[in-house]
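J.: dropping the sequence and predicted coords here.
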Amino acid sequence: MKIVIKEEFEMQRQDFLDRIMQGAVYIHPTDTIYGVGCNAKNSRAVNKVRAIKERTSTPFSIIAPSKDWIFENCIVSMEAEKWINKLPGPYTLIFKLKNNNAVASEVNSGAQTIGVRIPLHWIRGIARELNVPLVTTSANVSGKEYMVNLDTLDPEIKKRMDFVIYEGEKAGKPSTIVHLDKEEEKVIER
């Protein structure tokens with residue numbers, strides 16, 4: 001497992017992008033906290049994240065490649081468009097899926113919904129460049145403290161990562177969840 005800073009990632013960008021497409025599982029920074037990520041269309045990689053997180057069925061969120069991707073793959077109401085216009089930002093928007101092939105079925109465990117992020121952070125450029133959604137879930141075992149710096153990274157998680165993109169301590173909190181999959185929107189601050 002290799003720890004790299006943004007500059008190192010950029011110098012070897014194509015190698016890292018190829019590894020992500022092929023199924024690498026990694027830790028990445030966001031505008032809120034650190035996340036565990038992988039190619040959301042790669043079932044093997046998604047199942048590896050499930051095992052690492054000890055999370056058998058709860059759906060994962062994804063970083064969408066673009067706002068267009070959201071409109072193409074999700075059911076978007078007029079009310080939901082207002083939230084999409086707030087992106088990029090610290091929100092996870094929950095939509096009903098209209099394209100079940102947009103992500104591997106293991107991402108949402110058969111649910112007809114998907115949590116979508118476009119963080120206000122350079123990391124969103126990876127999904128855009130690859131033109132694939134990327135799983136993003138807090139870097140912790142489910143129910144335990146999430147990672148804010150290398151000292152708070154669970155050693156069991158660390159040893160199962162292909163690489164870590166590190167940019168110092170994060171003082172954020174997990175993203176705000178906005179349910180746009182029902183008649184009435186519901187906002188959950190975390």
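T.: On my side now, so go ahead.

J.: ok, Leu153 - contacts?
T.: Contacts for Leu153 (CB atoms under 8 Å, 6 or more residues apart in numbering) come out as Ile27, Tyr34, Ala139, Met147, Val164. Placement of C-beta: from N, CA and C, glycine included.

J.: which stretches of the chain form helices?
T.: 6-11, 13-21, 43-53, 67-73, 78-84, 105-108, 124-130, 155-158 (DSSP state H).

J.: mean confidence score for the first one?
T.: Along helix 6-11, the predicted local confidence has a mean pLDDT of 95.

J.: buried ones in that helix?
T.: Phe9 (16 or more other CB atoms under 10 Å).

J.: ends of stretch 156-168, how far apart?
T.: 20 Å (CA to CA, to the nearest Å).

J.: distance between that stretch and the chain's centre?
T.: Mean-position distance between stretch 156-168 and its chain equals 15 Å (CA atoms, centre = their mean, to the nearest Å).

J.: same check on stretch 172-185?
T.: Taking mean C-alpha positions (CA atoms, centre = their mean), stretch 172-185 and its chain are 15 Å apart.

J.: for it, buried residues please.
T.: Pro174, Ser175, Ile177, Val178, His179, Leu180, Asp181, Glu185.

J.: likewise stretch 14-28?
T.: Phe16, Arg19, Ile20, Ala24, Val25, Tyr26, Ile27, His28.

J.: closest to Ile157 among those?
T.: Of all these, Ile27 has the smallest distance to Ile157: 7.7 Å, by CB to CB.

J.: so that closest one makes contact with Gly37?
T.: Yes - counting by CB atoms under 8 Å, Ile27 touches Gly37, with 7.4 Å between them.

J.: Pro119 reaches Pro90, doesn't it?
T.: Yes - applying CB under 8 Å, one finds Pro119 in contact with Pro90, separated by 7.2 Å.

J.: to Gly143, which of the helices of the chain lies closest?
T.: Going by CB to CB, the one of the helices of the chain nearest Gly143 is helix 43-53, 9.7 Å.
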